[in-house]
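Peer 1: below are the sequence and a predicted model for it; my questions follow.
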Amino acid sequence: MREFLDLSFAEVAALMASWGEPPFRAPQIWKWAWRHLGTAFADMTDLPRDLRARLGEAFTLAGPVPIAHQGDGEGTEKVLLSLRDRQAIEAVLIREDDRRTVCISTQVGCPGGCPFCATGKMGYVRDLTAGEIAAQVLHFARELRGAGERVTHVVVMGMGEPLLNYDATLQALRNLNDRRGFALGARRVTVSTVGVVPGIVRLAGEGLQVNLAVSLHAPDDALRRELVPLAERWPLADVLAAADRYASATGRRVSYEYVLLRGVNDRLDHARDLARLLRGRLAHVNLIPFNPAPGLPYEPPEPNTVDAFRRELVLHGVDATVRRSRGVAIQAGCGQLRGQRTEGALKQPS
Ligand code: SAH
Ligand code: SF4
């Protein structure tokens, strides 16, 4: 059985045509799946009974199964989802003012192997399918619907490196963006990459106005190679050139992420070198103080070091903010996702 959410609209339309169905069927079914957030073909009451049965025999629509749900009591929730092969991934909902942001995963584990990241420590298991990626958003959309709310933003910053699972990630984003269904504006989506140059260049050519965030973490290649093993393949100069290309193709300002690790990359001369690297670009730096997770050998800097680093960047002409990760207490912050149950966290009814 195939997962219906893996299909593009064009594939649904071709399938309906091949089954001899009229042209309005594809948008009708699409709307059930992507707008009404249906989980069973049997519920699609305006479809002929035999078509519902045929769809139900060929496809599943239920998506990954939530097996644990944790809230931090301050509006951030993490869900552990079990996939069909019993692998598990995590996705996070962050409520902030009137924003409802879902942070999604694109792989089980990650081939990136960054030593400060809990997902990287897991190693790489497999890519998610387009349906598995989009279903994480639909999970929280269903939950929010109960409160009359909607998902307003999506950040592709969970487990995995999205640009190393390019096709499925793009398919998921296009499906979520499709106006006939979920209709999530591309400008409300941010894709974070560790700097996969061919992926950034390809994304620049998609004609999709998603925001790009590039994880730098160091102002020079030597230090960056220690923190980001994939930097061996894609040096800083190439990463920045690709990001510039993205900015000029889309007119969107690129964000640069920089995890601050105490005593490693948090000195003022690092900030000055970073400013020199980025000055004059359509850029913004997000500083993320390190979030601890079991087995990671780093510490976050003191708050005043973080603030001094930010001021040094601004002083040297580069726009910068400190991102306070949400959900750190339930291991839902940046870099803390492992696809496992978190001990000691309170379990909430889903
Ligand atoms: N693979 C992509 C997207 C997922 S990681 C990437 O690396 O960009 C999303 C963000 O979380 C990245 O900027 C990453 O550097 C950051 N991150 C990873 N581990 C972290 C940790 N322990 N504390 C704070 N941020 C972390
Ligand atoms: Fe992978 Fe990103 Fe974690 Fe590095 S920081 S291991 S690229 S998820």
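Peer 2: Nice, I can see it. Ligands and ions are numbered 1, 2, ... in the order given.
Peer 1: any buried residues in stretch 262-270, and which?
Peer 2: The neighbour-count check on stretch 262-270 (16 or more other C-beta atoms under 10 Å) flags 264, 265, 266, 270 as buried. Bear in mind the C-beta positions are built from the backbone N, C-alpha and C, glycine included.
Peer 1: and for stretch 197-210?
Peer 2: 197, 199, 200, 201, 203, 204, 208, 210.
Peer 1: show me what contacts residue 191?
Peer 2: With contact taken as C-beta atoms under 8 Å, 6 or more residues apart in numbering, residue 191 is in contact with 156, 162, 163, 169, 173, 203, 210, 211, 212, 213.
Peer 1: just the strands in this protein please.
Peer 2: Counting by DSSP state E, the chain has strands at residues 2-3, 59-60, 65-71, 76-82, 88-96, 99-103, 107-109, 124-127, 153-156, 189-193, 211-215, 254-260, 283-289, 320-322.
Peer 1: how near is the nearest residue to residue 165 once chain neighbours are set aside to residue 161?
Peer 2: Excluding its sequence neighbours, the residue lying closest to residue 165 (C-beta to C-beta, 6 or more residues apart in numbering) is residue 127, at 4.2 Å. From residue 127 across to residue 161, the span is 10 Å (C-beta to C-beta, to the nearest Å).
Peer 1: between the buried residues of stretch 262-270, which is closest to ligand 2?
Peer 2: residue 265 (13.8 Å; C-beta to the nearest ligand atom).
Peer 1: and the chain, which residues reach ligand 2?
Peer 2: Residues of the chain lying near ligand 2 by C-beta under 6 Å from any ligand atom: 110, 112, 113, 114, 117, 119, 120, 160, 161, 194, 335.
Peer 1: re earlier: now, among the contacts of residue 191, which is nearest to residue 247?
Peer 2: Nearest to residue 247 among the contacts of residue 191: residue 212, at 8.0 Å, using C-beta to C-beta.
Peer 1: can you report how many residues lie near that closest one?
Peer 2: 22 (other C-beta atoms under 10 Å).
Peer 1: you'd agree it is up against residue 252?
Peer 2: Yes - the pair residue 212 and residue 252 qualifies as a contact (C-beta atoms under 8 Å) at a distance of 6.8 Å.
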